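Visitor: need a 3D model of the sequence below.
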Amino acid sequence: MTGCSHLQVREEGIVHPLENLPAYGNRQRVDLHWVRADKLETIFISTIEAFEVYSENLGWAAETNSGGRIERFSEGQIFVYYLGKMIFTPQELIYDYVSFVDVCEGDDGRDRLHFQLLRGGTANADIDDRLFLYYDESSKDFEYEIIENRYLLGGCSLEKGIERREQAEEERQILQALFDQLRPSEDETFIGEYTGSDKPLPTKSFSKTDIEGLFSQVRAFIPEEVEVVADSNNEEEYVETFSPVIGVDDVAENNFWRIVAVIYEEIWESWGVLLAEDKLTGEWTAFYNIPTGGSKVNLYLSDDIELVGDSVRGSFCQNCYGWGDSESFEIALNGFTVQKTHGYRFIDYPVDAVYDGSIAALDRQSHEAARVFRTRISEQLADGVNFAGHYSVTEVGCGTECQILVVTDVITGKVVGELTARAGAEYQLDSRLMILDSAPFCVAEGLCDPTFYELESGNLVELRD
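Guide: Have a look, this model is predicted:
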């Protein structure tokens, strides 16, 4: 053997205890591999812009890895010293709080200082960025990099964070291009501009093959769950808040139509579009650019969307220039015109079960309507249940803009209620909600106002806001 090799073990750095000097401020000494990867060197972090902060004459606490971290609030400042010279201060950075977090080892073997930068953001979330201060071999000077904490996933690797950031930006651009292909117009859909007129919403048509291809491309970017190690700063909650939400979601469907929402939702950058499939023809139509909410974190798309025949009903943002302006609208899928409606939904008044037993004979003594309309009610009873699980609604004309509705319990044969409408009524087999005078033409022209009833314990109770 002509020679031998020696295994060198990298000596760990030390973050010394945080110290308070009443005449000066706070300071903290850190031993780390700063300029050379093979040598421990000392730096000083302080809240004072003065040479004395790192003077050995002031004395230091015993070496330990425990203890707090130095930080500054809005009115204070932090300075970093090396070899008697201030090498960095984040005073030009607009953040409310700066806190020293940790020491990270770079790919080159040299360490970096890791700081947390906090600033008030919006009602949705505060800004939590991370600053890495390091020595750059090429420039022979100290440099820094700021990166959003969401890209670190609770870790301390700047390289991985930059890689995730670049990947996220690339994906964001691809998804934006897909959205440009899907959306019916360049602008967000402010549905209030189209209400009560013959002016249709902007639309874009697609074949089944084309839309399935676009859906597949969007689905390919739906992120997998990422395991994040939570710490005292709630890193896991932060990453979840700032992670994008991507979806191709069915929101409503019946025998003739299917409504799908394609969304990309991020804290300050979101978009979405609603599309309708005509099941008879297989054609798809994009008809609604979902407006973005406050700070673009929540899309103005409610879960309160349902299909009623050839129309979509739900809560849509009327103008979206401010908060809380979502109202109830109906979009006709045959023509994509818009009418204002109401906020009551059939699905909010479900029944426990739908009766399928024998039908009782009409009890003529139960109500005056049972005697006056006995023939019509008996004929309707024979057709079975059409309302609220075990009731039959009989509609009888009573002149121009006049309809009488009689509600009968098919199990007992008793008439439980009688109502009068001007523009008809809506009711469903599996819902306890009944709506009178909700025809779009009636509401839009101001000829009548809808009224709402809930069948509760055999009684029709009017609902009021």
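Visitor: what count of nearby residues applies to Ala177?
Guide: By the measure other CB atoms under 10 Å, the count of residues near Ala177 is 11. For the C-beta atoms, the positions are set from N, CA and C on the backbone; glycine is no exception.
Visitor: for it, list the residues it contacts.
Guide: With contacts defined as CB atoms under 8 Å, 6 or more residues apart in numbering, Ala177 has no neighbours.
Visitor: measure it to Glu170 for me?
Guide: Relative to Glu170, Ala177 is positioned 11 Å away (CB to CB, to the nearest Å).
Visitor: so what pLDDT did Ser243 get?
Guide: You'll see Ser243 listed with a pLDDT of 78.
Visitor: close enough to count as contact, it and Tyr151?
Guide: No. Between Ser243 and Tyr151 there is no contact under CB atoms under 8 Å: 10.3 Å.
Visitor: so between those two, which is more surrounded?
Guide: Of the pair Ser243 and Tyr151, Tyr151 is the one with more neighbours under other CB under 10 Å, namely 21 against 18.
Visitor: and the pLDDT at that one?
Guide: Listed pLDDT for Tyr151 reads 89.
Visitor: go ahead and confirm it touches Glu166.
Guide: No. Using CB under 8 Å, Tyr151 makes no contact with Glu166, being 9.2 Å away.
Visitor: count of residues packed around Arg432?
Guide: Arg432: 21 surrounding residues under other CB under 10 Å.
Visitor: same check, this time on the one 4 residues further on
Guide: Taking other CB under 10 Å as the neighbour definition, Leu436 ends up with a count of 23.
Visitor: tell me who's in contact with it.
Guide: So Leu436 contacts 405, 419, 421, 423-425, 450-453 (CB under 8 Å, 6+ apart).
Visitor: list phi and psi for Asn149.
Guide: phi -60, psi -30 (degrees, to the nearest 10).
Visitor: pretty sure it contacts Arg130?
Guide: Yes. Applying CB under 8 Å, one finds Asn149 in contact with Arg130, separated by 5.3 Å.
Visitor: what is in contact with the two at once?
Guide: Residues touching both Asn149 and Arg130 by CB under 8 Å, 6+ apart: Gln116.
Visitor: how about the helix or strand containing Val218 as PDB, C-alpha atoms only?
Guide: Element membership for Val218, per DSSP states H and E: helix 208-219. Extracted C-alpha coordinates of helix 208-219, given in PDB (Å, rounded to 0.1, in the frame of the first residue of the first chain):
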ATOM      1  CA  LYS A 208     -67.000  15.100 -27.300                       C
ATOM      2  CA  THR A 209     -63.600  14.100 -28.500                       C
ATOM      3  CA  ASP A 210     -62.100  17.500 -28.100                       C
ATOM      4  CA  ILE A 211     -63.500  18.100 -24.700                       C
ATOM      5  CA  GLU A 212     -62.400  14.700 -23.300                       C
ATOM      6  CA  GLY A 213     -58.900  15.500 -24.500                       C
ATOM      7  CA  LEU A 214     -58.900  18.900 -22.700                       C
ATOM      8  CA  PHE A 215     -60.300  17.300 -19.600                       C
ATOM      9  CA  SER A 216     -57.600  14.700 -19.600                       C
ATOM     10  CA  GLN A 217     -54.900  17.300 -19.800                       C
ATOM     11  CA  VAL A 218     -56.300  19.200 -16.900                       C
ATOM     12  CA  ARG A 219     -56.700  16.100 -14.800                       C
END
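Visitor: state the mean pLDDT of that helix.
Guide: 96.
Visitor: what about it, distance to the chain center?
Guide: Distance of helix 208-219 from the chain centroid (CA atoms, centre = their mean, to the nearest Å) equals 22 Å.
Visitor: please apply the same query to stretch 150-161.
Guide: Here stretch 150-161 is found 24 Å from its chain centre; the criterion is CA atoms, centre = their mean.
Visitor: end-to-end on that stretch?
Guide: Terminal residues of stretch 150-161 lie 8 Å apart, using CA to CA, to the nearest Å.
Visitor: likewise stretch 151-161?
Guide: So stretch 151-161: terminal residues 5 Å apart, CA to CA.
Visitor: give me the contact list for the helix holding Val218.
Guide: So helix 208-219 is contacted by 174-175, 178, 181-182, 206, 246, 248, 260, 262, 275, 277, 282-284 (CB under 8 Å, 6+ apart).
Visitor: which among the residues you listed end up buried?
Guide: If you count burial by 16 or more other CB atoms under 10 Å, the buried members of the contacts of helix 208-219 come out as 175, 178, 182, 206, 246, 248, 260, 262, 275, 277, 284.
Visitor: Tyr134: which of the contacts of helix 208-219 is nearest?
Guide: Closest approach between the contacts of helix 208-219 and Tyr134, by CB to CB: Ile174, at 31.6 Å.
Visitor: please identify the helix or strand for that closest one.
Guide: helix 158-182.
Visitor: that helix vs helix 208-219, what angle?
Guide: Orientation of helix 158-182 against helix 208-219 (axes from the mean of the first three to the mean of the last three CA atoms, to 10 degrees) gives an angle of 160 degrees.
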